[in-house]
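Visitor: predicted structure and sequence below. I'll ask about it afterward.
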Amino acid sequence: MSLLNDIKLLRLIRYAPVVLIVIFALGINFVVLKDNREKAQQSIDSLRDEVVDRQKDSIRQHVNLVVNEILYQQTQTRKILKEQAQQRVEEAHAIAMNIYQTNPDRSQSEITSLIAEALRPIRFFEGRGYFFIFQMDGTNVMHGLRPEIEGKSAWNSQDIRGTYILREHIQLVEQKGEAFYQWWYPKPGEDKNKEFEKVGFGKRFEPYNWMIGTGEYLSDVESDVKKKVLDWINDYGYDERGFLFVLDRNGKILSHRDDRYVGLNIADISMGARLDLNSMTYESKNEGGFLQFDIPVNYGSNQTKEKVSFVKSINKWEWIVGTGFYADDFEEYLVQKQIVLEEQNHQEFVKITSLSAVLTMLVTAMSLILSNMIASRFGKFQSRISNDFHELESAKDRMQYMALHDALTGLPNRVLLLEDISQGIELAKKNKTELAVVFVDLDDFKKVNDLYGHSSGDKLLELISRKFETILGPMDTVSRFGGDEFIFCFPELRSAEHARDIIKSIRQVFDDQFVIDGKILVTNCSIGVSMYPSDSDDAESLIRKADIVLYKSKAIHKGEVMFFNHTINEQIQYDYMVEEELRRAVYKNEISVLYQPQIDVKNEKLVSVEALARWSNERLGMVPTVKFIAVAERIGVIDEIGHFVFRRACEDILTISPNGTECIDVSINISPIQLMAQDFVGEILAIVDEVGISVNRITLEITENVLIDDVDKVTPILHHLRNLGFGISLDDFGTGYSSLSYLNNLPITEIKIDRCFVDKILVSDQSSTLIKAIIAIGASCDLQVVAEGVETKEQHVRLVSYGCNLVQGYYFDRPLPIDKLASREVGQVSA
Ligand code: C2E
Ligand code: MG
Ligand code: MG
């Protein structure tokens, strides 16, 4: 993740929770507020419904109450009529009886007259009621309303249905003393065919066997009841303004609190609006029902209000009783209620919001603290991680650098070198140039280490590296390949000649002296060069070829530059084959031993021989001894070959010359590597013992060089060998760093003057002086001096004159196979 993203993430961790909490709190408040509002509205609505319902219930109850009363009053009409009629008749009877009893002296006609006059004027039932008296035969005695029928019989009077009304009534009274009776009769002054029910009561007046009675139209009494009921309704009130109204079937107002409405039609005052009584269902007529209509606010006003009424019909009377209320009667109450509710809601809301604000603040603060803690910890982790990462990166870079560079000199190492050369080849291909891989090896660097110490050696390498860097072009590279080996890569060369010019500047580096720790060091280098494209187009193979020619160059002459070519390549192929074949040479019995006689100058007798190894291979033919011995030393088979030659030489010599005073001695060349090998002494001693040759017949030839390299190690081995009886010969004496101190300190028994001195003994004063000096030293140290490579009589004569002890060379014998040696006459000089 990029740094920018990390910063964004940190900000997100820090502020996102706070923002979320605030949004959440706002959301909750919004929901609560909305819910609150809705609830308030709902409660107002339900309150309105509730109030309206309650009011509806109330008006329904009032209407039902009044209707029940009316129904009750209806049932009472006949009863009232009967009671009153009976009561009146009882009163009349009492009056008559009183007159009769208080006038015993009077005649019946007088008393009859008194009674008639007393009862005639009496009126009741709102002035409609009167008494009548009939004799039991139907003759009228008195009639309060129609005096003209008095004295006349009404026995046959019938109602309009043909019933003998008086007859039936008198019969009932005769039977029971008193009786009610009903009949149907037109009203006086009204349509004679229209009948009205009448209820009458008669009571027998015993003294004269009369029937005193009265009768009344039921409808008239009912009218009275209706009037009374209407008055009662008119007075009926409830709540503050509640009243009931009564309509007839046509909508005419029969009763109303405001008298001015009485007699008007509801359809007119409700402005013909929605009140249609005829449309009222039967059920609603019986059970009652609600009506809604507009009605003027006040009598005669144009302003109307919606009114809700409950109406119920009284079927018998064809009345509609109702009461109602204005729809907006409760609005004010509801508005008040709404205000209260809103106030409550507001308070509730304030409580919730303040509580949620406090909570939000708390949670916000907590989350801010927490998120800050998390963010800062995250930040710390992040910076720690990025530090670690940077450290890792730099460690990786360092490791990468170390993996690709040499620790001591800081130059690229062989891994990077391969890359450099490969890239160089690509570059050369592209630019059509040539590329040189220049392998530089310091000469005798080991000596620098040995003489001045490893730290000086390291400093020298560093110094050389810095100097090498100064000669590089922009695309050139130099790397340290191994201990004292450097490889340059020059990828932008025009030709091999160009390479030679550049190599000169490498060589010039060594023209200077190196001053290290106050000491002046001089060193040189050998150089092997391979070129792209002539030698190879592969980095590894170019390095290998440069190495090969460097090796060759060093072998031939140190401090030279050698370019890879085909001749060298063939030599290398040959060397390779030599190596391959040499490994199996002993096994294949290809090694043989020749013996070159050594002649004692005093008597010119063959006194000893030098055993010289020969190798004849089926593919290679005869391989020069110097060559294969060097290869054997390099590839590690010298011990095997050395032991083979040693054993063979011991056996051969013992065969042709058994131990004894006249026996010939044998000199065997020992490689320094053999000498240094573990238990070399034990092994050759074992061979000597096995073969049975006398130890003091054997001289071991070692080269001077072995002493230079490892004198301390070699000294005890040589003493041991010498103590065992072996002779020790210093071979090739004069070619190395001859030190006279060796001759004193080491158990040397013989010095072999190198062939190169003998060669020049006749032509070079220096050589002859040297030979003379060596012979003199040998004589003074009591050492036998052998001259090898004696090829001419003159050389032999000169050596004899100098006092050399033994001579060896072609002048006398070439190295001979054992059978030739055996047939050679001992002491005879073949030359
Ligand atoms: P070296 O020990 O100095 O041996 C003498 C060499 O000189 C021999 O060569 C010999 O053939 C040669 N020589 C003798 N007389 C004359 C002469 O008059 N003129 C010339 N031009 N050469 C003469 P060779 O046999 O080729 O051996 C070469 C070297 O190989 C020896 O030098 C010795 O160092 C080494 N060598 C030979 N055989 C063995 C061996 O078995 N073991 C070891 N370690 N080295 C051996
Ligand atoms: Mg030798
Ligand atoms: Mg020699």
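Guide: Arrived safely, thanks for sending. Ligands and ions are numbered 1, 2, ... in the order given.

Visitor: would you map the helices across the stretch 201-350 of the chain?
Guide: Taking DSSP state H, counting those that start in this stretch to define them, one finds helices in the stretch 201-350 of the chain at 218-235, 266-269, 282-287, 331-404.

Visitor: just say which of these is most tucked in.
Guide: helix 266-269 (a mean of 19; mean count of other C-beta atoms under 10 Å). All C-beta atoms are positioned from the backbone trio N, CA, C, and that covers glycine.

Visitor: and the residue of the chain positioned farthest from its centre, what pLDDT?
Guide: Distance to the chain centre peaks in the chain at D105, reaching 139.5 Å (criterion: C-alpha atoms, centre = their mean). If you check D105, the pLDDT there is 90.

Visitor: also E825?
Guide: For E825, the pLDDT comes out at 61.

Visitor: any chance of the helices of the stretch 201-350 of the chain in CSV with mean pLDDT and distance to ligand 2 as columns?
Guide: What follows is these, written out as CSV (pLDDT from 0 to 100; distance: least, C-beta to the ion, whole Å):
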stretch, mean pLDDT, distance to ligand 2
helix 218-235, 86, 168
helix 266-269, 74, 164
helix 282-287, 58, 155
helix 331-404, 81, 49
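
Visitor: what about the stretch 451-600 of the chain, any weak spots by pLDDT?
Guide: Counting by pLDDT under 70, the stretch 451-600 of the chain shows no low-confidence range.

Visitor: kindly report the same for the stretch 601-750 of the chain.
Guide: When residues are selected by pLDDT under 70, those of the stretch 601-750 of the chain lie in 706-709, 737-739.

Visitor: what about 90?
Guide: Within the stretch 601-750 of the chain, the ranges that satisfy pLDDT under 90 run 661-662, 678, 703-714, 732-746.

Visitor: next secondary structure after the host helix or strand of L418?
Guide: Counting by DSSP states H and E, the element that carries L418 is helix 414-431. For helix 414-431, the following helix or strand on the C-terminal side (DSSP H and E) is strand 434-442.

Visitor: ok, the residue in the stretch 401-550 of the chain positioned nearest to ligand 3 - how many residues close by?
Guide: Residue of the stretch 401-550 of the chain nearest ligand 3, by C-beta to the ion: D444 (23.2 Å). Around D444 there are 14 other residues, counting by other C-beta atoms under 10 Å.

Visitor: buried residues, the helix holding L418. List them.
Guide: Under the neighbour-count criterion of 16 or more other C-beta atoms under 10 Å, helix 414-431 has L416, L417, L418, D420, I421, S422, G424, I425, A428 buried.

Visitor: how about stretch 36-56?
Guide: N36, A40, S43, I44, L47, R48, V51, V52, Q55, K56.

Visitor: turn those residues into CSV, columns for secondary structure.
Guide: Listed next are the buried residues of stretch 36-56 as CSV, based on DSSP: H, G, I helix; E, B strand; the rest coil:
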residue, secondary structure
N36, helix
A40, helix
S43, helix
I44, helix
L47, helix
R48, helix
V51, helix
V52, helix
Q55, helix
K56, helix
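
Visitor: pick the one among the buried residues of helix 414-431 closest to ligand 2.
Guide: Nearest member of those to ligand 2, counting by C-beta to the ion, is L417, at 42.6 Å.

Visitor: what is the neighbour count of the nearest residue to the closest one once chain neighbours are set aside?
Guide: Distances taken as C-beta to C-beta, 6 or more residues apart in numbering place S479 nearest to L417, at 4.0 Å, with adjacent residues excluded. S479 has 25 neighbouring residues, counting by other C-beta under 10 Å.

Visitor: which element is S479 on?
Guide: strand 477-482.

Visitor: mind giving me the packing neighbours of that strand?
Guide: Applying 3 or more C-beta pairs under 8 Å, 6 or more residues apart in numbering; DSSP states H and E, one finds that strand 477-482 makes contact with helix 414-431, helix 454-470, strand 485-493.

Visitor: tell me what angle the helix holding L418 forms with strand 485-493.
Guide: 10 degrees (axes from the mean of the first three to the mean of the last three C-alpha atoms, to 10 degrees).

Visitor: returning to what we had before: partners of the strand holding S479, with directions?
Guide: Strand pairing for strand 477-482, using DSSP bridges, gives strand 485-493 (antiparallel).

Visitor: for whatever helix or strand comes next after the strand it pairs with, buried residues please.
Guide: On the C-terminal side of strand 485-493, the closest following helix or strand by DSSP H and E is helix 496-509. Buried residues in helix 496-509, counted by 16+ other C-beta under 10 Å: A499, I502, I503, I506, V509.

Visitor: now helix 496-509 and strand 477-482, what's the angle there?
Guide: If you take the same axes, to 10 degrees, helix 496-509 sits at 60 degrees to strand 477-482.

Visitor: other SSEs contacting helix 496-509?
Guide: Using 3+ C-beta pairs under 8 Å, 6+ apart: helix 496-509 touches strand 434-442, helix 454-470, strand 485-493, strand 525-532, strand 561-563.

Visitor: can you redo the ones you listed as JSON lines with distance to ligand 2 and mean neighbour count?
Guide: Formatted as JSON lines, the helices and strands packed on helix 496-509 follow (distance: least, C-beta to the ion, whole Å; neighbours: other C-beta atoms under 10 Å):
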{"stretch": "strand 434-442", "distance to ligand 2": "29", "mean neighbour count": "25"}
{"stretch": "helix 454-470", "distance to ligand 2": "34", "mean neighbour count": "16"}
{"stretch": "strand 485-493", "distance to ligand 2": "33", "mean neighbour count": "24"}
{"stretch": "strand 525-532", "distance to ligand 2": "28", "mean neighbour count": "25"}
{"stretch": "strand 561-563", "distance to ligand 2": "30", "mean neighbour count": "21"}
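
Visitor: and of the ones you listed, who's closest to G410?
Guide: Closest to G410 of the helices and strands packed on helix 496-509 is helix 454-470 (C-beta to C-beta; 7.2 Å).

Visitor: restricting to C-alpha, output that closest one in PDB.
Guide: This file holds the C-alpha atoms of helix 454-470, laid out as PDB (Å, rounded to 0.1, in the frame of the first residue of the first chain):
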ATOM      1  CA  HIS A 454      48.300 -11.500   4.800                       C
ATOM      2  CA  SER A 455      47.200  -8.000   5.800                       C
ATOM      3  CA  SER A 456      49.800  -6.500   3.500                       C
ATOM      4  CA  GLY A 457      48.700  -8.900   0.800                       C
ATOM      5  CA  ASP A 458      45.100  -7.800   1.300                       C
ATOM      6  CA  LYS A 459      46.200  -4.100   1.100                       C
ATOM      7  CA  LEU A 460      48.100  -4.800  -2.100                       C
ATOM      8  CA  LEU A 461      45.000  -6.400  -3.600                       C
ATOM      9  CA  GLU A 462      42.900  -3.400  -2.700                       C
ATOM     10  CA  LEU A 463      45.500  -0.900  -4.000                       C
ATOM     11  CA  ILE A 464      45.700  -2.900  -7.300                       C
ATOM     12  CA  SER A 465      41.900  -3.000  -7.500                       C
ATOM     13  CA  ARG A 466      41.700   0.800  -7.200                       C
ATOM     14  CA  LYS A 467      44.300   1.300  -9.800                       C
ATOM     15  CA  PHE A 468      42.600  -1.200 -12.100                       C
ATOM     16  CA  GLU A 469      39.400   0.800 -11.800                       C
ATOM     17  CA  THR A 470      41.100   3.900 -13.200                       C
END
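
Visitor: fine by me, thanks again.
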